[in-house]
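Asks: using only what follows, build the 3D model:
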Amino acid sequence: MRVEVWFQDEARIGQKNSLTRVWRQTGSRPAAPKDLGFASAYVSGAVCPSEGKTAALIMPICNTVAMNHHLREISSQVAANAHAVVILDRAGWHRSQGLVVPGNITLLELPPYSPELNPVERIWHYLRSHWLANSVFPNLADIMDACEMAWNRFANNDSLVRSLCAVAWAPPLPAL
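Replies: Below you'll find the predicted structure:
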């Protein structure tokens, strides 16, 4: 049986969006939109860098029920002849008694306070800086649409998935 190494994390994207640097003529001051709303959505994303595969769900809430849906989505992307080791942080909903882990997945927690070990953190930075920053979203539906567009642009580029998420300490594993 082959083993696929996956990394998983969640990010909150909302109306209080981040600002990024932009090119502008010297001496001029660029204008950047800013919103005071409170609506936000959560992107639950997972990647298998060695295979260039991704799995994501965009939801208005982040809890155990949402995590169960995301684990089923990851499970559906794992090859039929493979087992996935999903590496994730220690969020409460990742350790909940109500968590239902599919049979083709094993969860492996990262050490506490070590987000730098999870390459999915790089995805959130990339999505925000390339497609989600300097934007105003009128409502939750627009936030979710923007998140979907950003994730799909990322996920449809295998070389980007591999280059952003490959880590030397988790190389592709040989079949058992």
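
Asks: am I right that G45 is in a strand?
Replies: Yes - assessed with DSSP: H, G, I helix; E, B strand; the rest coil, G45 lies in a strand.

Asks: give me the pLDDT for it.
Replies: We have a pLDDT of 98 for G45.

Asks: what's the burial count for it?
Replies: For G45, the neighbour count with other C-beta atoms under 10 Å is 26. Quick note: C-beta positions are derived from backbone N, CA and C, even for glycine.

Asks: residues touching the nearest residue to it once chain neighbours are set aside, list them.
Replies: Using C-beta to C-beta, 6 or more residues apart in numbering and skipping residues adjacent in sequence, the residue nearest G45 is A56, 4.4 Å away. A56 is in contact with 43-46, 70, 73, 151, 155, counting by C-beta atoms under 8 Å, 6 or more residues apart in numbering.

Asks: what's the burial count for C48?
Replies: 25.

Asks: ok, it touching V5?
Replies: Yes - using C-beta atoms under 8 Å, C48 is in contact with V5, at 6.6 Å.

Asks: now do the shared contacts for the two.
Replies: A84.

Asks: thinking again about what came up before, quick check: the residue nearest to G45 is in a strand.
Replies: Yes - under three-state DSSP, A56 sits within a strand.

Asks: what pLDDT does it get?
Replies: As predicted, A56 sits at a pLDDT of 98.

Asks: and A155, how far from V47?
Replies: Counting by C-beta to C-beta, to the nearest Å, the gap from A155 to V47 is 8 Å.

Asks: anything in contact with each of the two?
Replies: Counting by C-beta under 8 Å, 6+ apart, the residues touching both A155 and V47 are 54, 161.
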